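In: Okay, predicted coordinates and the sequence, questions at the end:
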There are 4 protein chains.
Amino acid sequence: MKIFEEVESQVRSYCRGWPTVFVKAKDATLHDEDGKSYIDFFAGAGTLNYGHNHPVLKQALIEYLTEDNIVHGLDMYTAAKGRFLDRFREIVLRPRGLDYKVQFPGPSGNNAVEAALKLARKITGRETVISFTNGFHGMTLGALAVTGNSMKRGGAGVPLNHAATMPYDGYLDGQTPDFLWLRSLLEDSGSGLDKPAAVIVETVQGEGGINVASKTWLRGLADLCTEHDILLIVDDIQMGCGRTGPFFSFESAGITPDIVTISKSLSGYGLPFALTLFKKDLDVWEPGEHNGTFRGFNPALVTAATALEHFWTDTKLAEDTLRKGELVDTRLRGIAAEHTDVGSDVRGSGMVQALAFDDPKIAAATRAEAFSRGLLVEGAGPEDEVVKLLPPLTTTDAQLHEGLDVLADSVRVAIKELS
Amino acid sequence: MKIFEEVESQVRSYCRGWPTVFVKAKDATLHDEDGKSYIDFFAGAGTLNYGHNHPVLKQALIEYLTEDNIVHGLDMYTAAKGRFLDRFREIVLRPRGLDYKVQFPGPSGNNAVEAALKLARKITGRETVISFTNGFHGMTLGALAVTGNSMKRGGAGVPLNHAATMPYDGYLDGQTPDFLWLRSLLEDSGSGLDKPAAVIVETVQGEGGINVASKTWLRGLADLCTEHDILLIVDDIQMGCGRTGPFFSFESAGITPDIVTISKSLSGYGLPFALTLFKKDLDVWEPGEHNGTFRGFNPALVTAATALEHFWTDTKLAEDTLRKGELVDTRLRGIAAEHTDVGSDVRGSGMVQALAFDDPKIAAATRAEAFSRGLLVEGAGPEDEVVKLLPPLTTTDAQLHEGLDVLADSVRVAIKELS
Amino acid sequence: MKIFEEVESQVRSYCRGWPTVFVKAKDATLHDEDGKSYIDFFAGAGTLNYGHNHPVLKQALIEYLTEDNIVHGLDMYTAAKGRFLDRFREIVLRPRGLDYKVQFPGPSGNNAVEAALKLARKITGRETVISFTNGFHGMTLGALAVTGNSMKRGGAGVPLNHAATMPYDGYLDGQTPDFLWLRSLLEDSGSGLDKPAAVIVETVQGEGGINVASKTWLRGLADLCTEHDILLIVDDIQMGCGRTGPFFSFESAGITPDIVTISKSLSGYGLPFALTLFKKDLDVWEPGEHNGTFRGFNPALVTAATALEHFWTDTKLAEDTLRKGELVDTRLRGIAAEHTDVGSDVRGSGMVQALAFDDPKIAAATRAEAFSRGLLVEGAGPEDEVVKLLPPLTTTDAQLHEGLDVLADSVRVAIKELS
Amino acid sequence: MKIFEEVESQVRSYCRGWPTVFVKAKDATLHDEDGKSYIDFFAGAGTLNYGHNHPVLKQALIEYLTEDNIVHGLDMYTAAKGRFLDRFREIVLRPRGLDYKVQFPGPSGNNAVEAALKLARKITGRETVISFTNGFHGMTLGALAVTGNSMKRGGAGVPLNHAATMPYDGYLDGQTPDFLWLRSLLEDSGSGLDKPAAVIVETVQGEGGINVASKTWLRGLADLCTEHDILLIVDDIQMGCGRTGPFFSFESAGITPDIVTISKSLSGYGLPFALTLFKKDLDVWEPGEHNGTFRGFNPALVTAATALEHFWTDTKLAEDTLRKGELVDTRLRGIAAEHTDVGSDVRGSGMVQALAFDDPKIAAATRAEAFSRGLLVEGAGPEDEVVKLLPPLTTTDAQLHEGLDVLADSVRVAIKELS
């Protein structure tokens, strides 16, 4: 690991909690250079919903590369892109009644967010975007301005403007009516809030601590946007592609966002890929008004199209995700019940589940212990007080139980150590 | 092509000039679905310096994928990342006496630029960044603020601040001394320019019209930065990885930037990959202060390391690039000399060469004619008045001549059509 | 009035509601050029707390001018300035235990606010300033950014940044605990609110609709600021100089702001004059770091010092103001009780009192009718739904009753007309 | 002077160079409390063009006050305001063919500038305003953003945006053609300068060091603005009201700005007063969109109207100003010629004249010596390297010579001391 310490910047982060060198991976298992294996309940922060190196995607990818098809084509038309667009329309959009245009904004989620924000501002001629407490949307300057985390905001080096933060579902005391504050601001011409271009929201806040917005709240938000002629952007980068069950995480709330960002598990194989989707009448872009070199990384289009065909032509994956989500939830509640002396909270939706501790030290110690026992679980929340579980959706029940056993033991050790 | 028109956003651009569906590619040749072949003097806007699907890189990539090595690992330590860091240090940094730290800022050039700007502001505690007329640094909000193009700036939807534009080398009348204006602003406490955090510059402006900064000018700029304690950022995203001869385009000027951004041809195979490099004592990042999902796309690390080993352990490629650059330059001057009645300019450095026409219509007609004759050449410059040549560095002399013959014919047709 | 319509900009406002040419004024009475007299319950929007042309101040002013004393001296030391500073310290600051430094920021309230904001940001090194819904602090760019009114904000022509709006006392539903939202934002490192430099608040919002903050709320706000190391700015421009009883409107809440702005009635005679006050240890200004031509308009210093001596060396005025305030309140409640079929609200503090109607049309018709009957009353509130009463503090009880009789009649006529 | 040191903020400035307490003033002479008299070549930084306490204005003012006319009337119609508008139109606007609307933006110059900037942005829908090196326009946030001085800019505490600084006439090397840089930026869609709303310029930079723009340069600037549909704002706050000869300083260049700001000597008696003037078709304000308490300080309207009648109904004052300007210029050149070993520069226009020293220490020592000998002269320029002369226009030739004799002696002493 010397080479990393000597050459890589201090900014590196995940490797600090998991100080080993990984070499191989398959499904929900990782292997390091010492031959030790790890159950992966992290899944590339939601990038590997179908597990590591899924054989069907792998075959499609290697075939594509072997035959000297187009790898890099900027935004030229290619056969792989045509196939992806067709598959995305037929498998994802049409069955859900979504008449979206598709933009390739660049390879990463922040590109999708930046494009969404620019488009919303261009359409409305307004600047302000509403974001929510503990929202996370990326590190580029536009995306960072709608991200809550103060340490990351501080990294900007310039004031982050044109955004206003509002309370996420459940943020206040549980007594204050939803949207009391936001609605008051919008309806009062003396409120000091300039009329917003858009609202950007996650249905479940992943980095923010696995905070789950209720369907009622999401519908209320969508209604408020409609009422006030504000565009609704759902950032589905971490929760999309089936993480909460359906392909888009907002489906179950019965809302149709004006703009959607999606990335992470979209290629299905960890290949950089992101999309910005929007209603057809919002497609006011000039040709080339937003561009970028890696907009058309064709191997990602290939695996993405294959993943759609393999996983999304029936409802099996979505149903299985909900079932497994309940399994994880039940086990986490069991762990919490074991330690009632310690304040904790179990929350989640589908296969994003979390065990939040009142005391962030317990969460940290649990994650460290889990790592030493061969289980990868990430932190989340403003104080890293959350143990966050994002197993591949394809993890077997047996491996889920195995990982949760390790987690249960790790919590026990952590609490004992700290008491 | 119907699927693209129906589903893809209006923002698409390159495909508009080259309306066909590409399927295969090898070296400097592309093939479309109708079996027509194209000489590629575009090379993914500088992403394919080693040509399409180079066999050595292809083999390394397929082997890596076949063996179920880590594809996506965020910023965890992996064997592929260790190898890349080692190769980058031994082959690139050490021989050039560069003691840089390496940051993986995300998969695309704009991520590298955003990280560079944030770091420069964090280090200095200042906000303003100096950029240059017709500079291009990307479409995310931070990068866009230092980009010159008014159409792209207009897409931001918010005012772009914390930046000041200065004349690039040769921008003024050729009489005004270099840096007269910038130096005056810096030395005068009443100038209205707040002390800058950094200067961001391209050694050759690719998108801006193949404007080549002289070594003298670059050295003058570096000296001015040192004198005024301003950080020098060289954006080497398009001109690095050997495009102008040496690995870094700034080497020949004998300057050492404080911060360097690099991307495009870094993976050598069109895989999304970008780096931000900076002097060791500038590594003031907090862990995780800048992050992102696709920071560690391991297949790109594999092809990048292999490309370094294959192309950069001796000086052959660099020398060949200079030689071929002269070949292209000579041929372009020949074409220009054929049409002295039409105002034109030949300029470039190494294997980035351009034929600029006073009349943008000639440039447009030339590019269209070239496409119909099976040659891809891009536009550049504020009015798209430039025919820009970025052939793969590995293009054979024969194919260079073949492409330049097509270009010569295309210019003839274009001028004739328009007269 | 033709000259005004021909030459003066459309931006003129008060004259539109009171379309006559005024010529003379004394105490609480104005006279127009047709010899008609008006009871003035407007008092220059709170600038004439001691009435028009008070004889004691008039004598001091004319004497000063007659003797060719310094009229304009920028910020040179003058005898008049020395006397003012001495009187202000001895009569205002010392008896209240306030150890403030005094800055002369320019002649108008917005100068005082701009200086306060700059100082708060300079001291803390932070940018964000918290303001409140329906707050009003002035029209210059810094002050406008913390002002709520959307029409006035829209006049800026640039986005107004570095500010965040919070709910004023009583803004929400009366159920939500005070500061629940602000406290959550401050205590949560993921909230998206960058740590503020300061809070700026009016104890009673004058332009915003005569919204009265309770003592409890003000104390809670002061405590929250202390707890989080945020500077508390009280903008006492309209409510200071005795409008609510005590010299400073915040005295009764028992709080000591870090910074105070004061203007309007400070000179006591309608002469432009403003001050920014701050705790001694906050005086981190460089000499000349904030300046301006009319910082030392000496005649205003003369009348201000005389006003302090005449009105503020005992508690008579303050007590009388509270007594008269109750008189006005009782009469307004009587008027409201007469029209229970129409939604209305009586509110105020000391001699700022208001009758707010649910239907802004009633408020507008009342003001128009009052004008035609010889009474000047202003509008306020985001929809101008408020009839705002700011009579001179020196108005006799008889004239108060006379004006209120006219108001009562005007309300009757207005309601009748509109039903 | 103890009271000032104890109670007044550190921000005080002029008093530091002139540490005495002034009490009386008449014409061009000030008296301090010790009975010492001073020749005033400072004139309230250009506020007292007609000298201190001019008897004609004094009489009008005292009469007005004595008769209990309206002192403070916000923006209500008053007889005094009507008279001022009429006089301003008949004496100033009509004879010069200026069809301006008149806005009362507040009592100080920065209010006039803020209103001008807001209006220009509102009209054009653009944000950027071009200002010039060493320009000075005020301390409120909008005005400060177009001001050059780095110390004063630093006081903002937030980044100052939406402005771009350009070289003032003579700023560069005297070889570079005028507007080469600005024109290039405007004509090049890739320059990085967003299309400006307006240019704001002083014809002579007062605070910036008495830099005089040539008529050719001003005309060139006006033409460039017309050509590019950019509004031209002339800030005539310090140079207007006859300082350079004609009423408006831009008259001699034969240009007609779109917007003009004027203040300082407008009331003629040191009373706070400012105007924003603009072409009739630019009057797009909504009623009340820009407001403020001290917009209608009627005594200032009275003295202003009287000053127009007294000084501006013939060309005598303007001619006399030019003649006296030459007198001062000749004397300053004489002083400079006495000290050829020391680098100096004489410059100015009308009755704003300056002696600039290469070595700021000589300028400082000269001013200090002059004060001790009973002459007030101000500093200017980014390094305070300028001795700035702004005598009242009404100063007698004898007193001009007397003051210049003192100045000549002071320079001699200063140079001797420092050598």
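Out: Sure thing, it's come through.
In: Quick check: A:Val71 touching B:Pro272?
Out: No - using C-beta atoms under 8 Å, A:Val71 is not in contact with B:Pro272, being 10.7 Å away. In short, each C-beta sits where N, CA and C put it, glycine included.
In: So which of these two has more stuff around it?
Out: B:Pro272 (31 against 28; other C-beta atoms under 10 Å in any protein chain shown).
In: Just say helix, strand or coil for that one.
Out: Judged by DSSP: H, G, I helix; E, B strand; the rest coil, the three-state class of B:Pro272 is coil.
In: just A:Glu286 next, same as before
Out: Here A:Glu286 takes the coil state, with states given by three-state DSSP.
In: is it true that it touches B:Lys152?
Out: No - judged on C-beta under 8 Å, A:Glu286 makes no contact with B:Lys152 at a distance of 9.2 Å.
In: Give me the distance between A:Ala365 and A:Val377.
Out: Noted for A:Ala365: a distance of 12 Å to A:Val377, by C-beta to C-beta, to the nearest Å.
In: The two: who's more crowded?
Out: Neighbours of A:Ala365 and A:Val377, each counted by other C-beta under 10 Å, are more numerous for A:Val377; the result is 27 against 20.
In: Quick check: phi and psi on the more buried one?
Out: Torsion angles at A:Val377 (phi, psi; degrees, to the nearest 10) stand at phi -130, psi 140.
In: Does it touch A:Ala364 like I think?
Out: No - look at A:Val377 against A:Ala364 with C-beta under 8 Å: they stay out of range, at 11.1 Å.
In: so what's A:Val346 up against?
Out: A:329, A:332-333, A:336, A:353-356 (C-beta atoms under 8 Å, 6 or more residues apart in numbering or on different chains).
In: if we go to 10 Å?
Out: The contact partners of A:Val346, by C-beta atoms under 10 Å, 6 or more residues apart in numbering or on different chains, come to A:210, A:328-337, A:353-356.
In: taking these one by one, which sit in strands?
Out: Filtering the contacts of A:Val346 for membership in strands, criterion DSSP state E, returns A:353-356.
In: And for the residue of the stretch 251-400 of chain A found nearest chain C, nearest residue in space, chain neighbours not counted?
Out: Ranking the residues of the stretch 251-400 of chain A by distance to chain C (C-beta to the nearest C-beta) places A:Pro382 first, at 3.3 Å. Of all residues not flanking A:Pro382 in the chain, C:Gly190 sits nearest, at 3.3 Å (C-beta to C-beta, 6 or more residues apart in numbering or on different chains).
In: Give me the pLDDT for that neighbour.
Out: C:Gly190 is assigned a pLDDT of 96 by the prediction.
In: where are the low-confidence patches of chain A?
Out: Applying pLDDT under 70 to chain A flags no residue at all.
In: Taking the centroid of chain A, which residue is nearest it?
Out: A:Gln238 (1.0 Å; C-alpha atoms, centre = their mean).
In: How about the secondary structure of it?
Out: Once three-state DSSP is applied, A:Gln238 turns out coil.
In: Do you have the strands of the stretch 201-350 of chain A handy? List them.
Out: In the stretch 201-350 of chain A, the strands defined using DSSP state E, counting those that start in this stretch lie at A:204-205, A:211-212, A:231-235, A:259-262, A:275-279, A:344-349.
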